[in-house]
Every structure is written in C-alpha cells, then in structure tokens.
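*Asks:* Structure, please.
(chains A and B, ligands or ions: 1)
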Amino acid sequence: MTSLPGQGMRVALFATCFNDTMWPETPKAVVTVLERLGVTVEFPLDQTCCGQMFTNTGYAREALPLVERFADVFDGYDAVVAPSGSCVGSVRHQHATVARGCGQPALADQATTTARKVYEFSELLVDVLGVTDVGATFPHRVTYHPTCHSLRMLRVADKPLQLLREVRGIDLVDLPEAEECCGFGGTFAMKNADTSVAMGADKAQHVRETHAEVLVAGDNSCLAHIGGLLTRQRSGIRVMHLAEVLASTERDFAAENELGTAGDNPTNQPTDRPTEEEVTA
Amino acid sequence: MSGTFIGMPKFQTAAKEALGNSQQRRNLQHATGTIRRKRAGVVDELDNWDELRQAGAAIKDNVLSHLDTYLVQLEESLTQAGATVHWAADAEEANRIVTSLVRATGAEEVVKVKSMATQEIGLNEALEVAGINAWETDLAELIVQLGHDKPSHILVPAIHRNRAEIREIFLREMGQVGTPPPTGLTSNPRELAEAARVHLREKFLRAKVAISGANFAIAETGTLVVVESEGNGRMCLTLPETLISVVGIEKVLPTLEDLEVFMQLLPRSSTGERMNPYTSTWTGITPGDGPQDVHVVLLDNGRTDALADQVGRQALRCIRCSACLNVCPVYQRVGGHAYGSVYPGPIGAILNPQLRGTTSDVDQSLPYASSLCGACGDVCPVNIEIPELLVHLRTRVVDEHRGGIPSGEQIAMKGAAWMFSDHRRWEKAQKGAELSGRALGKKDTIGRLPGPLSAWSDARDAPTPPAESFRSWWKREKGDPR
Ligand code: SF4
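*Replies:* Model prediction:
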C-alpha cells in the first residue's frame, strides 16, 4: 500500500463505558485496524458514557449531564468512532431529544452538531474511509447478527457484511431470521428477563443451525446476552465483536499454528488476563 | 375502562405465564409469520410506499391539530344526512348511550360488526348487564366470544387459537346460543367457516339492531367507512333497521379523497392484501335502503389526554392495522393477553398508558414491554415512531415516581449517573472492576450471580470483567498517563 486510506485523519475513539470496562479487546481492535489504515486515533480520557441506559429506562434527567459531557468532550474532532451501534444510535437519535425534553434547546443544537460526526465502526470504514478490505485474515466459519440499533436506528445495512466478505480465509454463512432482535434490549434483559431469554434462545438456536464457530456482531452487549446463552448451553460457539475479526491478521494465526493453540485465540476474551499464579502471588 | 381487563398484573408477570403456553406460542409464531411475509410481499411491490406513509401521517397530523374543527364539521354533515350524533366523554357514557338506544327499539339482541372502539369500552359486557345479547359476527370475534375468551390481536382476535381448538369451541358452545354446528364437524377450515356461516345467518336475518365502529369518518360528507374481509360486517350494516356506530374521535378524515391514501395503506399493512374484499360506506340515512335509524357515538375516552401530549399524540394516527404486532418479537412470544387491553403489542404499549393514564401496574409496565428493536416503527403505515414513544412514556413513568421514597432502581440510576458525570469517579469504579477481574482470574464467564442480578444469570452466563480496562491499557501503551 502506497498511500493509506486514513492518512492524515484524526479520529477520536469513543470506547463506550461497557467496552472500556468489560471488553477492552474491542476498542483495542478498533485502534489496531484504524492505525493499520493510517488513521491517527485519539482517546479523550474525560469521556465516560453516552447515557443510553438512563435514557432508555426513562431517566432522561440523569442522562442530561452525560449528553452535555459527550458534546463537550467530542466537540473538536473531525470524526468520532464507537464500536457500538446502540451507543452511536443513542448519540445520534436521543441526545438532542433528551436535551430538548429537559428544556435545554441550546444543548440540543450542540448535541445535534456533535452527533453528525459520530460514526459506528463499520460506517467509518466504509463511508468515511471508503474501504472494505482492511487486510484481515480470519480462517473460521462465521455468522453475523445485525444488531437492531445498527440495522434500524443507524441503517448500516450490509456494511459490516461488506467488510467481513473481504476477510481472508473466512467462511461466512447466513444467519436465519438474522434481522430479528436477540432480546437483549438494555434493562429489558433484566426487567423482562423471561421474554428476553425466550427471544435469545431462539436467536441462539438459529446461530447453532449455521454450524458457525464464531458469532460476530457490532455490539458486545447483545453478544454477551446471546453468548451467555450459548455458553450456558455448552454450544462451543464463541462470540466476537466485528472489530476484533477485522483486527486479526495472518500473523495471529501463523503464531497460533506454531504453538498449536488454534481456536483459543483470538476470542472475545481479554488475552492479557493474568494467570492464576499471578493473582494468588 | 373495559370491564374485562381490570386488575391485570404488570406485563412481566402475565408474560411469564404466557411464555409457558407452548401451544399458544406455536400458534402465534405460525400466524404472525404468515401475515408478516404476505405484508412484506405486497408492500415491496409499491415503489411509492414511503411517500404513502408520509402522506398518511401528514393527513392524520393535520386532523389531530385541527380536531375541534373537523369534529364539528363531521357532526354537521352527519346530522344533515339524517344521522343522530351523540358525544361520549368516556366508556361509561358511551355504554349508557348505546344501551338506551337499543332499549328504545325494544330489541333484546344486537349483531355486531368487528370494532375495536366497542371492545375498548366493554360494550358487550354493559349490554349483557342490561339484558341485551350482543352477537359478534366477525369469525375470529365469534370464536373469542364463544370460547369465553379475550381477544389477543387487533385484526385476528383469536390468533392464539388453532383449528383444532376452534372446532372444540364450536362443538361445545354454538348450540347453546343458536344454530349448532353439524355433527361430525372436522377442523377443516372450510367446514369451520360453513358452520359459522349457518350459525350467523340466523342472527343476521333476525336482528333489528346492529352495532359497529368505523375505520374512517369523513368530515366533509358525514360518510362512515368499514373495511373488512368477510362480508359479515356488510350484513350488519345493511339488514337491520337501526345502526349504532361507536367511533373514536381520532377516526375523522377531512375528505373522501383522503381515503385514496388510507385504502392503499390499510389492507396491505393489515392482511397483506392489495385490497380487502369488502369496504362499506354509508352516509346517514338513504330512504328505503338500509337502516332507517342511524346513530353515531363520538368517543373520547382518553383521546384528548393523548392529544395534549405533543410527543405522545402521534399514537392517535394509528389506523389499527396490527402490522406492528405481527413483527414484534415480544408480541410473537407472549401474545396479546399480557398487555391487559384490547390493544396489545407495540401500539398497545404506547396507546393504553396514554388513554388510561399510568396509575395501574399494567399501564406503568407497558412502556417497558419492548426491547426497543424498532421493527414496529419500520412497518407502521402512518410512521408512528413507536420506539421513541416508548422511551417518552418510560420517562413519564419515571418522572411521576420522583419525590417519594426512592426505589432501589432510582438509587442505582442516580448513583451511576453521578459516577459517570466525572471521569475520575468513573476511573475509580473501573479499578474495582479490574480488581474483581483479577480475583476471578482465568474464568471467562460466571454461572450464577447473586440478588437482583440473578435475573440475568438464571439462564445466561455472565462475562467476568477483565484485569485491565481499555483506559488503563491506553494510558500504559499510548503514554498518556494522566
Ligand atoms: S401503530 Fe401503526 S402499525 Fe401499529 S396498528 Fe397502528 S397503524 Fe398499524
């Protein structure tokens, strides 16, 4: 590659609070892919949470300071990327509404302006950088679940699939009833746990029908829900964020083959977790 | 409101029970799947579908913002055409008006056209108290009525029943209230329909009074419109001497031309047909033809409360097509009864709390009966932003509970918001997660969680936090150790 598609671009990473804490491998993978494409990634340390959980549970007043913080923190960047369809959906479609509902029209305008530059990961790659081949290798049987907010709030359509199709070695299979909700739904998963599990069980069933090794999506929260059912069922199917698949390269698998640990890594789990000895020491 | 649904438990409780009914779940999955595919087929063949939806929404929004004017115009047109107009503020008043109108004719029974408004006010029950039998003539409504059941779908109220169950209900109940089914009735749909036809024919020919709703009411002309599939509505609207129609005040349309838009939107969205088999229109009284005593009861019953909410009022655009039910993953699994209303599914979740207010357990729980997946909003023919309204109503429920003794959820939400409003507090909390991640070591998931978190872990493993957050990694790797 002579001139990289992201050369000269400065992009702020909004890791999202749950990825930051629970699934750090995902934002790390975003950094890996973007840097590979020549993008300069920045991580503003004063970011916290988009407030989606508050807004969607009815706590607009509690979400308000987070809307304000988001607009302030990400104001000065050309582009902001987040590896979560639902958080980007909340920024784009709810922040201004929350501000307006709390009687803050000026903040609503500011939130609208900021939101215009906020992209879900696959949007940034395909729409802004104009790439579908990010140089990834992932020699596994994979199926993709389009999460509701990327599909129906952001309308990312088949962008994630365009990216996955270019991955070397991948065996990409269609997921039956792919567009149906997995049943996570934020606090819905707790407030209506029975219905949520009934929906998730059907989704897990469809995933199993594909005989995929890995279920991929653009939201780790949905994946935690479906993955939680899949591991409870001892299905042997892993879940993985799209960014982590796209970050994988030939080298990861060459090393694996040498060590004979193929299938163990990469996964949705952190690789740098200390060993038991380290913890007990 | 409706007498049949009072004292419903909150959605979660009713849903849990419904989820255990595997026969019902299979019936629902099959039926909603079939309608969904049909709808998608006939919608996809129109390249101006989005424009039609926008036009439908615009017409309804115009009506809603000038409702006072259009209603007065409707009353004038109806009166001029020989109909008598009555105004009902609530269910009780509407029932009282209809009961006394029926009594005045001396009739002891009425035939009914399928109507959501009369279901909403619990008219059949009110008439029963007054000693008047109300016979439902829509096939699915008949099944529900004979089965002493409640409707579970707007368009197909007996959607939760399959053929075998319907056969049993017919054999057991039909003979007690009229013409019995032939002995040796099988569950063949043709035979079931024939049994219903014979049973209903006797009632049509005998009835002196019919009661209907209306899909649309045209202000300019005073024309009422009923859209149906079976023709049983047509029988009720033409044969009896007296016709009483209970019409929600949001059903008004300015002109007959507006029907052009809605007659494209409604059949495709509801039954998945390009056009429905029977559309009846009537304008007051036509001398020597059809009912000669025509009444229209214009019903508020909470609609002006919904209208007062600038955001919530778009729910009044609803044309009761039920497309949102058929695509809803929650409705498909739980069915209609858990919503505690004749309006189930996504539209029920946004309409009931507005029409009835948010004082009861079930109405407070309805806005939460959704994963916010957005499938409903995508199919709604009048572009109601159902997910946005759900969130709006959740906010209303939460705000109404502020100020008292705070609940566990309120405390948790306030605490979390406080933590997130300063990144240093957030970092401290993350450190705690890192510590527990280290303590849990190599385990990727946790099987059981304590206390309220067990709602998650009863069926799902939970992820363990990693030993290092992204933030800590970034500081370490990217040299920004603030
Ligand atoms: S809300 Fe929309 S989709 Fe649902 S019944 Fe009403 S018109 Fe149909």
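
*Asks:* I'd guessed residue A:74 sits against residue A:114; true?
*Replies:* Yes - the pair residue A:74 and residue A:114 passes the contact test of C-beta atoms under 8 Å, sitting 5.6 Å apart. No exception for glycine: its C-beta is placed from N, CA and C like everyone else's.

*Asks:* Quickly list what's touching both of these two.
*Replies:* Taking C-beta atoms under 8 Å, 6 or more residues apart in numbering or on different chains as the contact rule, residue A:74 and residue A:114 both touch residue A:80.

*Asks:* Those two: which has the busier surroundings?
*Replies:* Shown here are residue A:74 and residue A:114; by other C-beta atoms under 10 Å in any protein chain shown, residue A:114 has more neighbours (23 against 20).

*Asks:* Is residue B:389 part of a helix or strand, or is it coil?
*Replies:* Recorded secondary structure, residue B:389: helix (DSSP: H, G, I helix; E, B strand; the rest coil).

*Asks:* What residues does it make contact with?
*Replies:* Residue B:389 neighbours (C-beta under 8 Å, 6+ apart): B:311-312, B:314-315, B:350.

*Asks:* 10 Å instead?
*Replies:* B:309, B:311-315, B:346-347, B:349-351, B:353-354, B:367, B:376-377 (C-beta atoms under 10 Å, 6 or more residues apart in numbering or on different chains).

*Asks:* restrict those to those near the ligand?
*Replies:* Among the contacts of residue B:389, the residues that sit close to the ligand (C-beta under 6 Å from any ligand atom) are residue B:347.

*Asks:* Of the contacts of residue B:389, which are in range of chain A?
*Replies:* By C-beta under 10 Å from any C-beta of the partner chain, the members of the contacts of residue B:389 lying near chain A are B:311, B:367, B:376-377.

*Asks:* and which of the residues you listed is nearest to the ligand?
*Replies:* residue B:376 (6.4 Å; C-beta to the nearest ligand atom).

*Asks:* Once you drop chain neighbours, what's closest to the one residue in the stretch 301-450 of chain B that gets nearest to chain A?
*Replies:* Among the residues of the stretch 301-450 of chain B, residue B:371 lies closest to chain A, at 2.8 Å counting by C-beta to the nearest C-beta. Residue nearest to residue B:371 in three dimensions, not counting chain neighbours: residue A:185, with 2.8 Å by C-beta to C-beta, 6 or more residues apart in numbering or on different chains.

*Asks:* Repeat that for residue B:226.
*Replies:* Leaving aside its sequence neighbours, residue B:226 sits nearest to residue B:280 (C-beta to C-beta, 6+ apart; 4.7 Å).

*Asks:* Same check on residue B:276?
*Replies:* Using C-beta to C-beta, 6+ apart, the nearest residue to residue B:276 is residue B:267, at 4.4 Å.

*Asks:* Tell me how many other residues crowd the residue nearest to residue B:371.
*Replies:* With other C-beta under 10 Å as criterion, residue A:185 counts 27.

*Asks:* what packs against the host helix or strand of residue B:269?
*Replies:* Secondary structure assignment for residue B:269, by DSSP states H and E: helix B:259-270. When contacts are defined as 3 or more C-beta pairs under 10 Å, 6 or more residues apart in numbering or on different chains; DSSP states H and E, helix B:259-270 sits against helix B:22-44, helix B:49-65, strand B:216-218, strand B:223-228, strand B:252-253, strand B:278-283, helix B:323-327.

*Asks:* In its sheet, which strands sit next to the third one, and in what direction?
*Replies:* Each strand paired with strand B:216-218, and its direction, by DSSP bridges: strand B:223-228 (antiparallel), strand B:252-253 (parallel).

*Asks:* near the ligand at all, the longest one?
*Replies:* No - residues of strand B:223-228 contacting the ligand under C-beta under 6 Å from any ligand atom: none, with a closest distance of 12.8 Å.

*Asks:* ok, which stretches of the stretch 1-150 of chain B are strands?
*Replies:* B:84-88, B:109-112, B:133-136 (DSSP state E, counting those that start in this stretch).

*Asks:* Tell me which of those strands lies nearest to residue B:144.
*Replies:* Closest of the strands of the stretch 1-150 of chain B to residue B:144 is strand B:133-136, at 7.3 Å (criterion: C-beta to C-beta).

*Asks:* Going by neighbour count, list what's buried in the closest one.
*Replies:* By 16 or more other C-beta atoms under 10 Å in any protein chain shown, the buried positions in strand B:133-136 come out as B:134-136.

*Asks:* can you check stretch A:158-167 too?
*Replies:* Here stretch A:158-167 shows A:159-164, A:167 as buried, counting by 16+ other C-beta under 10 Å.

*Asks:* can you redo the strands of the stretch 1-150 of chain B as CSV with mean pLDDT and distance to residue B:296?
*Replies:* Shown next, in CSV, are the strands of the stretch 1-150 of chain B (pLDDT from 0 to 100; distance: least, C-beta to C-beta, whole Å):
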stretch, mean pLDDT, distance to residue B:296
strand B:84-88, 98, 5
strand B:109-112, 98, 16
strand B:133-136, 97, 18
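
*Asks:* mind checking which of these is nearest residue B:159?
*Replies:* Among these, strand B:133-136 comes nearest to residue B:159, with 15.3 Å by C-beta to C-beta.

*Asks:* Sheet partners, orientation included, of that closest one?
*Replies:* strand B:109-112 (parallel).

*Asks:* List of residues touching the partner strand?
*Replies:* By C-beta under 10 Å, 6+ apart, strand B:109-112 touches B:98, B:101-102, B:118-119, B:123-124, B:127, B:131-138, B:141-142, B:145, B:200, B:203-213, B:232-233, B:235-237, B:239-240, B:242, B:244.

*Asks:* Could you rerun that using 6 Å?
*Replies:* Strand B:109-112 is contacted from outside by B:102, B:133-137, B:203, B:207, B:209-211, B:236, using C-beta atoms under 6 Å, 6 or more residues apart in numbering or on different chains.

*Asks:* between the residues you listed, which is nearest the ligand?
*Replies:* Distances from the ligand to the contacts of strand B:109-112, taken by C-beta to the nearest ligand atom, are shortest for residue B:136, at 20.4 Å.

*Asks:* burial count for the closest residue to residue B:285 other than its chain neighbours?
*Replies:* Closest residue in space to residue B:285, ignoring its immediate chain neighbours: residue B:82 at 3.6 Å, by C-beta to C-beta, 6+ apart. Residue B:82 has 15 neighbours, counted by other C-beta under 10 Å.

*Asks:* okay but residue B:82 is in contact with residue B:284, surely?
*Replies:* Yes - the pair residue B:82 and residue B:284 passes the contact test of C-beta atoms under 6 Å, sitting 4.0 Å apart.

*Asks:* Let me know which of the helices and strands packed on helix B:259-270 is tucked in deepest.
*Replies:* Stretch with highest mean neighbour count among the helices and strands packed on helix B:259-270: helix B:323-327 (a mean of 29; mean count of other C-beta atoms under 10 Å in any protein chain shown).

*Asks:* That one and chain A, are they touching?
*Replies:* No - if you take C-beta under 6 Å from any C-beta of the partner chain as the test, helix B:323-327 misses chain A, and the best it gets is 8.9 Å.

*Asks:* in chain B, which residue is closest to the centre?
*Replies:* residue B:343 (2.8 Å; C-alpha atoms, centre = their mean).

*Asks:* quick revisit: can I get the buried residues of strand B:133-136 in a markdown table including distance to the ligand?
*Replies:* As requested, the buried residues of strand B:133-136 are arranged in a markdown table below (distance: C-beta to the nearest ligand atom, whole Å):
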| residue | distance to the ligand |
| --- | --- |
| B:134 | 24 |
| B:135 | 26 |
| B:136 | 20 |
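
*Asks:* Quick check: of those, which lies closest to residue B:9?
*Replies:* Once C-beta to C-beta is applied, the member of the buried residues of strand B:133-136 that ends up nearest residue B:9 is residue B:136, at 26.6 Å.

*Asks:* Can you report how many residues neighbour the closest residue to that closest one other than its chain neighbours?
*Replies:* In this structure, residue B:136 finds its nearest non-sequential neighbour in residue B:145, 4.6 Å apart by C-beta to C-beta, 6+ apart. By the criterion of other C-beta under 10 Å, residue B:145 has 22 neighbours.
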